[in-house]
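> Turn this into a structure:
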Amino acid sequence: MGTYITAETIKVLREKRALTQRSLAEAVGVTDKEVSKWESGRGLPDISLVESLATALGVSVAELLTGDVRQNANRAGNPLRAKFYVCPICGNVVYALGEGAFSCCGVNLVPLEAEEPDEEHRIKVERVEDEWYVTLDHPMTKDHFITFIAYVTSDGATIKKLYPEQEAAVRFRIGMSGIMYACCNRHGLFRVPTPKRVPHARP
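This next block holds a predicted model:
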């Protein structure tokens, strides 16, 4: 039997939002007697009400159904804490403001854990006029290559997809301080901060 909403989940979430049974009922479009039944375990919300109930209680549908309410939640949406997912079959890149459930080509994707670069994956970031010039001295063959380079700051992300036989080099317009990521198809994700003190542009 699948997971469904529990009486305790509805009551706890309603109280955290400082809602009365009547105000929750009005938000969802039912009577306060119906909400009372839900919270006492004498009834359950109709499946058609789940989305509006989740909205009224300030949670996602998944959180409402499982009772696993993540208060930290990625609701702040800090891009510097975001996650990258890469499909091992087609190479599709998914960027999310937190962990989630994603699939591609029939495969459930797992978030990549970024590491400090080793010598083979050293990410070089230089300023050239008003751009960051990002390079790696890395193979770019069909079997071993950098799949993407990304520039992530507290207000967003820019991702540049790369392919075999290309140069492992990209340019980003300089914005806020942030993090540069590079993903190797064999060895995973690497990261370095953008330079704090910007050198003069090369002639």
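> Can you show me the helices along the protein?
Assigned by DSSP state H, the helices in the chain fall at 7-16, 21-28, 32-40, 50-57, 61-66.
> and of the ones you listed, who's closest to residue 143?
Nearest of the helices of the chain to residue 143, taken as CB to CB: helix 61-66 at 37.9 Å. Where C-beta positions appear, they are placed from N, C-alpha and C, glycine not excepted.
> Run the chain-centre distance for the closest one.
What separates the centre of helix 61-66 from the centre of its chain is 18 Å, taken as CA atoms, centre = their mean, to the nearest Å.
> which parts of it are buried?
For helix 61-66, a neighbour-count test (16 or more other CB atoms under 10 Å) marks 63, 64, 65 as buried.
> Mind picking the one among those residues that's closest to residue 178?
The shortest approach to residue 178 among the buried residues of helix 61-66 belongs to residue 63, at 29.2 Å (CB to CB).
> Wait, that closest one touches residue 53, no?
No - with contacts counted by CB atoms under 8 Å, residue 63 stays clear of residue 53, the gap being 11.4 Å.
> What is the burial count for the closest residue to residue 22 other than its chain neighbours?
Leaving aside its chain neighbours, residue 22 sits nearest to residue 32 (4.4 Å; criterion: CB to CB, 6 or more residues apart in numbering). Residue 32: 14 surrounding residues under other CB atoms under 10 Å.
> per-domain residue ranges of the protein.
Following automatic domain parsing, one finds the domains of the chain at 7-71, 79-193.
> Pull the contacting residues for the most centrally placed residue in the chain.
For the chain, residue 96 is the residue whose C-alpha lies nearest the centre (CA atoms, centre = their mean; 2.1 Å). Contact analysis of residue 96 by CB atoms under 8 Å, 6 or more residues apart in numbering lists 82, 83, 85, 102.
> Residue 15 versus residue 30, what's the distance?
18 Å (CB to CB, to the nearest Å).
> repeat for residue 171
Distance from residue 171 to residue 15, by CB to CB: 52 Å.
> hmm, which helix or strand of the chain has the shakiest average pLDDT?
Least confident helix or strand, the chain: helix 61-66 with a mean of 80, by mean pLDDT, DSSP states H and E.
> Do you have the strands of this protein handy? List them.
83-86, 93-96, 102-104, 107-109, 123-128, 131-136, 146-153, 156-161, 169-173, 178-184, 188-193 (DSSP state E).
> Would you format these as JSON lines with distance to residue 36 and mean pLDDT included?
Shown next, in JSON lines, are the strands of the chain (distance: least, CB to CB, whole Å; pLDDT from 0 to 100):
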{"stretch": "strand 83-86", "distance to residue 36": "40", "mean pLDDT": "92"}
{"stretch": "strand 93-96", "distance to residue 36": "38", "mean pLDDT": "92"}
{"stretch": "strand 102-104", "distance to residue 36": "38", "mean pLDDT": "90"}
{"stretch": "strand 107-109", "distance to residue 36": "40", "mean pLDDT": "89"}
{"stretch": "strand 123-128", "distance to residue 36": "58", "mean pLDDT": "95"}
{"stretch": "strand 131-136", "distance to residue 36": "58", "mean pLDDT": "96"}
{"stretch": "strand 146-153", "distance to residue 36": "47", "mean pLDDT": "95"}
{"stretch": "strand 156-161", "distance to residue 36": "45", "mean pLDDT": "93"}
{"stretch": "strand 169-173", "distance to residue 36": "55", "mean pLDDT": "96"}
{"stretch": "strand 178-184", "distance to residue 36": "50", "mean pLDDT": "94"}
{"stretch": "strand 188-193", "distance to residue 36": "50", "mean pLDDT": "94"}
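> No further questions, thank you.
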